[in-house]
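> Predicted coordinates and the sequence they were generated for:
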Amino acid sequence: MRRSTAAAVGTLTGAALIVGVRLSVQPPAPPAAAQSPVDLVDNPSTPKPSGSAAAKKPAGKKTTAPAQNKSGLKDGTFKGKGSTNPYGTVQVTVKISDGKITAVDATYPLTGNSATINPVAIPKLKQETLQAQSAKVAAVSGATYTSQSYQESLQAALDSAKA
Amino acid sequence: MGTAVSIELADDRPGPELRALIDDVCRWLHEVDARFSTYKEDSEVSRMRRGELTLADCSDDLRHVLNACADLWRDTDGYFDAYAGGPLDPSGYVKGWSVEVASARLAAAGSVNHYINAGGDIRMRGHHPDGGPWRVGIRHPWEADKVSWVLALTDGAIATSGTYERGHHVINPRTGQPARGLRSVTVVGPDLTLADAYATAALAMGEAGLTWLAKLATDGYDSAVVTDDGRAFSSANLPAAV
């Protein structure tokens, strides 16, 4: 039981992050994986299985566990803990039926100035792959502070090639 | 400033005219160095440090620099701090500003196509001699002879701050400790003085700088960042060359 719960949390975390990207929501802070908007462990009130019979029974015993299936995801609607970015709090809700994620929804701040901000316009820096390339450039921007470091820089090589 | 400056003029004008323009830029940069260097005993900045010069009787340029540093201190939540190392040191502003002014002087003298690169901080206008935009590489933070992004700009500024060359030398003014978390921060935008100050401030912030930089995008300042552990980030409108 415990293990499958952990697996479900892991999967939901991944799903919520993917959705976050699609909706242009800034993750809290870039090693974001650790602080996922969906945090079922810290939020015992959130799992609300839709099957009412199962919901009334105390969790934690195998016999009373909600419908479980191959994916390890419990059916129900799961609300994530709010994730706060500079524009307010974003909350992600995930709905699971037959062990599959069937719907994901995110609520955006609706109070104060934040209400006027279109969620799609929330600016963010997107993560990408760091590449090393040798491209044809006219100049190079970099942290070169001294004349000594200039001598060894790509900019110096470009300058001497032009001279 | 102890920095090498590369200047390229791509205007189709007679050689002697271009040389005169470059001489003018060099004269201005040497003048700035003489007046604002913290390494020169008789510079205005050194005299102000010693209390021999007050705000009331300093030059208009120095007053501008001090006011701009104060504005930036406020706009960066205190992370751009001309007093981070103790006594006044406006070098972090003066470098970008002197190049911004130099480029404006070139433009006023009729140079519409040029770039000036002062220690990796670049202000450019117009086009490359081949007629296309200026293509500028951002140095790869681990491989000195490679670039990690290539940007294409016709009019604007690019500034990079990093820890890969002098180590963790940027001080987080909040803690007094060297900033950690980001290895390279590049900011692209219309004005080099702001781009340079924003890059330095974000480096001082560490990883929190990523969120802070994201907010600058609405003001026209895009960014590209590499963290200490090698993750790369860029803002949506970074003018990356195809």
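Nice, I can see it.

> And residue A:75, how far from chain B?
From residue A:75 across to chain B, the span is 35 Å (CB to the nearest CB, to the nearest Å). Placement of C-beta: from N, CA and C, glycine included.

> again, but for residue A:96
Using CB to the nearest CB, which is the criterion applied here, residue A:96 is 30 Å from chain B.

> Surely that residue is in a helix?
No - Residue A:96: not assigned to a helix; according to DSSP: H, G, I helix; E, B strand; the rest coil it is strand.

> Who does it form a beta bridge with?
Note on residue A:96: beta-bridge partners by DSSP bridges are residue A:76, residue A:101.

> just the helices in chain B please.
B:15-36, B:44-49, B:60-75, B:91-108, B:192-205, B:208-216 (DSSP state H).

> The nearest residue to residue B:231 once chain neighbours are set aside: how many residues sit nearby?
Using CB to CB, 6 or more residues apart in numbering or on different chains and skipping the chain neighbours, the partner closest in space to residue B:231 is residue A:127 (6.0 Å). Using other CB atoms under 10 Å in any protein chain shown, residue A:127 is surrounded by 17 other residues.

> Please look at residue A:127 and residue B:235 and confirm they touch.
No - counting by CB atoms under 8 Å, residue A:127 does not reach residue B:235; the two are 11.6 Å apart.

> what sits against residue B:201?
Taking CB atoms under 8 Å, 6 or more residues apart in numbering or on different chains, we find residue B:201 in contact with B:72, B:76, B:77, B:79, B:80, B:209, B:212.

> change it to 6 Å
With contacts defined as CB atoms under 6 Å, 6 or more residues apart in numbering or on different chains, residue B:201 is in contact with B:76, B:79, B:80.

> for the helix or strand where the residue nearest to residue B:231 lies, which positions count as buried?
Taking DSSP states H and E as the criterion, the element that holds residue A:127 is strand A:125-128. Applying a neighbour-count criterion of 16 or more other CB atoms under 10 Å in any protein chain shown, one finds A:125, A:127 buried in strand A:125-128.

> Show residues contacting it.
With CB under 6 Å, 6+ apart, strand A:125-128 has contacts from B:210, B:214, B:232, B:233, B:235.

> now stretch B:15-32
Against stretch B:15-32 from outside (CB under 6 Å, 6+ apart): B:7, B:9, B:98, B:102, B:106, B:109, B:111.

> got the buried residues for that stretch?
In stretch B:15-32, the ones that count as buried by 16+ other CB under 10 Å are B:18, B:21, B:22, B:25, B:28, B:29, B:32.

> In a markdown table, list those along with pLDDT.
Below are these laid out as a markdown table (pLDDT from 0 to 100):
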| residue | pLDDT |
| --- | --- |
| B:18 | 95 |
| B:21 | 96 |
| B:22 | 95 |
| B:25 | 96 |
| B:28 | 97 |
| B:29 | 95 |
| B:32 | 95 |
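
> From these, pick the one nearest residue B:140.
Relative to residue B:140, the closest of the buried residues of stretch B:15-32 is residue B:29; by CB to CB it sits at 27.8 Å.

> how about the nearest residue to residue A:153, chain neighbours excluded?
Using CB to CB, 6+ apart and skipping residues adjacent in sequence, the residue nearest residue A:153 is residue A:144, 5.0 Å away.

> Quick check, the one you found in contact with residue B:120.
Yes - between residue A:144 and residue B:120 there is a contact under CB atoms under 6 Å: 4.6 Å.

> Give me the more crowded residue out of the two.
Neighbour count, other CB under 10 Å: between residue A:144 and residue B:120, residue B:120 has more, with 32 against 29.

> give me the low-pLDDT residue ranges for chain A?
Along chain A, the model assigns pLDDT under 70 to residues A:1-71, A:80-95, A:99-123, A:145-148, A:163.
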